[in-house]
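A.B. asks: any chance you can model this:
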Amino acid sequence: MKITVVGAGAVGATVADNIARKELCEELVLLDIKEGFAEGKALDMTQTAALLGFDTKITGSTNDYSKTAGSRVVVVTSGLPRKPGMTREELIGTNANIVKGVTENILQHSPDAIIIVISNPMDTMTYLTQQTSGLPKNRIIGMGGALDSARFKCYLSKALNCSAADLNAIVIGGHGDTTMIPLIRYATWNSVPVTEFLSAEQQKQIVADTMVGGATLTKLIGTSAWYAPGAAGLALVESIVRDEKRLIACSVALDGEYGQKDICLGVPVVIGKDGWEQIVDYKLNDEEQDLFSKSADAVRNMNDVLKTL
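C.D. replies: Next up is the predicted model:
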């Protein structure tokens, strides 16, 4: 099996490194537009194999998509990273052209690929890919909800002083500071609702911290995060290639689910060998449904920018 990661920046390289270490494929291709960049990262990773004990073949490529031919899964991380003070909306114009070009090149050589979109603004880039690729909707997955849910669990684990591995918690809606919806009502600590252990004030703070989780890191390190996004990308790839049927929040094309159509937005989906296989209906209360509708409106406003390009 072959897997391709497009974009050898911090996020793309972290995804690739994680895939190689877990030996999720026989061949891993890392591609970038910058001359020698992907080749260098690939060589560096390959030199860790003797120390870490994996046998994945890692190939770097400067914009030669023929090397990606026959990829089962393609992770798209291409585009400008968000910088301090920059909104995801401001990224649309530049990144839309990049992602559209990447998608066309990938499908020319790997028409049966499942595409995981990490590029920002993630919901809009996922929608763009869905609209322009001609692929069945189940083969296009936006990663954002997986990352946001991991951040949600992080803040919950800190408040509860517990292992994040013992938590189930999910974030739906848009992958943005004002559009995501951490569903704390559904969050559990080994099956017990976390609301039984946290005050209303603590719950409110955890939700708020989760929503600005990405912006907090951007402010601290001066650019977008990469370790957690890379791990989130890995989780999706692993669930696909091992047909794990994991329930993960992802941005997917909606056709009436959660009251929305003609949009890609974060919802709970089952991820398996065919991509996303089922949308799970969490019974939202009126407040949550209202937040989801407002999130959809905000994402649509970003999607409308695509019409002006």
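
A.B. asks: give me the neighbour count for residue 220.
C.D. replies: The tally of other residues near residue 220 (other CB atoms under 10 Å) stands at 10. From N, CA and C alone the C-beta is placed, and that goes for glycine too.

A.B. asks: so which strand or helix has it?
C.D. replies: helix 213-221 (DSSP states H and E).

A.B. asks: buried sites along that helix?
C.D. replies: Neighbour-count burial for helix 213-221 flags 213-215, 217-218 (criterion: 16 or more other CB atoms under 10 Å).

A.B. asks: in JSON lines: these, plus distance to residue 9 and pLDDT.
C.D. replies: Formatted as JSON lines, those follow (distance: CB to CB, whole Å; pLDDT from 0 to 100):
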{"residue": "213", "distance to residue 9": "20", "pLDDT": "97"}
{"residue": "214", "distance to residue 9": "16", "pLDDT": "94"}
{"residue": "215", "distance to residue 9": "19", "pLDDT": "92"}
{"residue": "217", "distance to residue 9": "15", "pLDDT": "95"}
{"residue": "218", "distance to residue 9": "14", "pLDDT": "89"}
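
A.B. asks: export the residues you listed to JSON lines and tack on distance to residue 248?
C.D. replies: Shown next, in JSON lines, are the buried residues of helix 213-221 (distance: CB to CB, whole Å):
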{"residue": "213", "distance to residue 248": "17"}
{"residue": "214", "distance to residue 248": "18"}
{"residue": "215", "distance to residue 248": "23"}
{"residue": "217", "distance to residue 248": "21"}
{"residue": "218", "distance to residue 248": "24"}
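
A.B. asks: can you map out the helices along the protein?
C.D. replies: All helices of the chain, identified by DSSP state H, fall at 10-22, 37-46, 49-52, 92-109, 122-133, 144-160, 200-211, 213-221, 227-241, 286-306.

A.B. asks: hey, C-alpha coordinates of the longest one in PDB?
C.D. replies: Spelled out, that is helix 286-306. Taking Å, rounded to 0.1, in the frame of the first residue of the first chain, the C-alpha atoms of helix 286-306 are listed here in PDB:
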ATOM      1  CA  ASP A 286     -32.300  23.200  21.000                       C
ATOM      2  CA  GLU A 287     -29.300  25.200  22.200                       C
ATOM      3  CA  GLU A 288     -26.800  22.900  20.500                       C
ATOM      4  CA  GLN A 289     -28.800  22.800  17.300                       C
ATOM      5  CA  ASP A 290     -28.900  26.600  17.300                       C
ATOM      6  CA  LEU A 291     -25.200  26.800  17.700                       C
ATOM      7  CA  PHE A 292     -24.700  24.200  14.900                       C
ATOM      8  CA  SER A 293     -26.900  26.300  12.600                       C
ATOM      9  CA  LYS A 294     -25.000  29.500  13.400                       C
ATOM     10  CA  SER A 295     -21.700  27.600  12.700                       C
ATOM     11  CA  ALA A 296     -23.100  26.500   9.300                       C
ATOM     12  CA  ASP A 297     -24.000  30.100   8.500                       C
ATOM     13  CA  ALA A 298     -20.500  31.200   9.300                       C
ATOM     14  CA  VAL A 299     -18.900  28.500   7.200                       C
ATOM     15  CA  ARG A 300     -21.200  29.300   4.300                       C
ATOM     16  CA  ASN A 301     -20.000  32.900   4.500                       C
ATOM     17  CA  MET A 302     -16.400  31.600   4.000                       C
ATOM     18  CA  ASN A 303     -17.500  29.300   1.300                       C
ATOM     19  CA  ASP A 304     -19.100  32.200  -0.600                       C
ATOM     20  CA  VAL A 305     -15.600  33.700  -1.000                       C
ATOM     21  CA  LEU A 306     -14.900  30.800  -3.300                       C
END
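
A.B. asks: I figured residue 247 hits residue 276, correct?
C.D. replies: No - look at residue 247 against residue 276 with CB atoms under 8 Å: they stay out of range, at 10.5 Å.

A.B. asks: where does pLDDT dip in the stretch 151-300 of the chain?
C.D. replies: Within the stretch 151-300 of the chain, no range satisfies pLDDT under 70.

A.B. asks: at 90 what do you get?
C.D. replies: Scanning the stretch 151-300 of the chain for pLDDT under 90 picks out 218, 222-224.

A.B. asks: for residue 237, what are its contacts?
C.D. replies: 3, 15, 19, 24, 73, 75, 116 (CB atoms under 8 Å, 6 or more residues apart in numbering).

A.B. asks: measure the fifth one to residue 194 for me?
C.D. replies: Distance, residue 73 to residue 194, using CB to CB, to the nearest Å: 33 Å.

A.B. asks: the more surrounded of these two?
C.D. replies: Higher neighbour count among residue 73 and residue 194: residue 73, with 25 against 22, using other CB under 10 Å.

A.B. asks: got a pLDDT number for the more buried one?
C.D. replies: Looking at residue 73, its pLDDT stands at 98.

A.B. asks: equivalent analysis for residue 120, please.
C.D. replies: 89.

A.B. asks: can you check residue 309 too?
C.D. replies: Listed pLDDT for residue 309 reads 78.

A.B. asks: good, we can wrap up now.
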